[in-house]
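Trainee: Fold the stuff below for me.
(one chain, ligands or ions: 1)
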Amino acid sequence: MAKPIFVLNGPNLNLLGTREPHLYGRATLDEIRVRCEARARTQGREVDFRQTNHEGELIDWVQEARLAAAGLVINPAGYGHTSVALHDALKTLEIPIVECHLSNPAAREAFRHHSYVSLVASGVICGLGPTGYELAIEAVCGLCASS
Ligand code: CA2
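Mentor: Numbering: from 1, shown residues only. I've put the predicted structure just below:
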């Protein structure tokens, strides 16, 4: 059985669909999960889709991905802008990493312009809402085609 694609989501993304629709749209995280699962199926893959509000838990999951995942899609949310520890954990992975953001951080406040995750990602997709997650799945499946 092929290893799954891990799709890891950081803090506050559990609130999607309830607040700030002008920034993040109206889809819930559960609806995004369903779209990711469907897109992965077209690639003969499964996704393991998770969200946490806790930095340490996110890092534990990144470490788990080292052996258990074929590739990683990550929306680190605010931790992308702040977490050296997340960066260090991601750097240990030998699988493809695609960073994904619903909004376009480059078009927002200056403190969102730097990402510790981008430094270790194979690619970044942002500003395309939930469709970006599907594109990230497609991209990561292409990058890990042989594993
Ligand atoms: O655009 C993205 O996906 C972000 O990763 C979202 C993060 C933000 O810190 C990044 O700069 C860009 C924030 C996630 C907060 O999600 C909420 C969803 C609904 C209501 C409130 C917050």
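
Trainee: Is it correct that V98 falls within a helix?
Mentor: No. Checked against DSSP: H, G, I helix; E, B strand; the rest coil, V98 lies outside a helix; its state is strand.

Trainee: All further residue positions should be reported with the first residue as 100.
Mentor: Yep, numbering from 100; the last one is V197 now.

Trainee: Count the neighbours of it for me.
Mentor: As a burial measure, the neighbour count of V197 was computed by other Cβ atoms under 10 Å and equals 28. C-beta here means a position set from N, CA and C on the backbone, and glycine is covered the same way.

Trainee: how about the residues of this structure near the ligand?
Mentor: 111-112, 114-115, 118-119, 123, 174, 176-177, 200-202, 204, 211 (Cβ under 6 Å from any ligand atom).

Trainee: the helices in this protein, which residues?
Mentor: Along the chain, the segments classed as helices by DSSP state H run 120-123, 128-141, 154-167, 178-181, 183-190, 229-242.

Trainee: wait, doesn't D147 sit right on I104?
Mentor: Yes. With contact taken as Cβ atoms under 8 Å, D147 and I104 are classed as touching, separated by 7.3 Å.

Trainee: Find the residues that touch each one of the two.
Mentor: A168 (Cβ atoms under 8 Å, 6 or more residues apart in numbering).

Trainee: Those two: who's more crowded?
Mentor: Neighbours around D147 and I104, counted as other Cβ under 10 Å, are more numerous at I104. The numbers are 29 against 17.

Trainee: confidence score at the more buried one?
Mentor: Model confidence at I104, expressed as pLDDT, equals 98.

Trainee: beta partners for it?
Mentor: Here I104 shows beta-bridge partners V146, G170, assigned using DSSP bridges.

Trainee: again, but for the one 4 residues further on
Mentor: Beta bridges link N108 to Q150, N174 when assigned by DSSP bridges.

Trainee: number of nearby residues for it?
Mentor: 25.

Trainee: close enough to count as contact, it and L171?
Mentor: No. With contact defined as Cβ under 8 Å, N108 and L171 do not form a contacting pair (11.7 Å).
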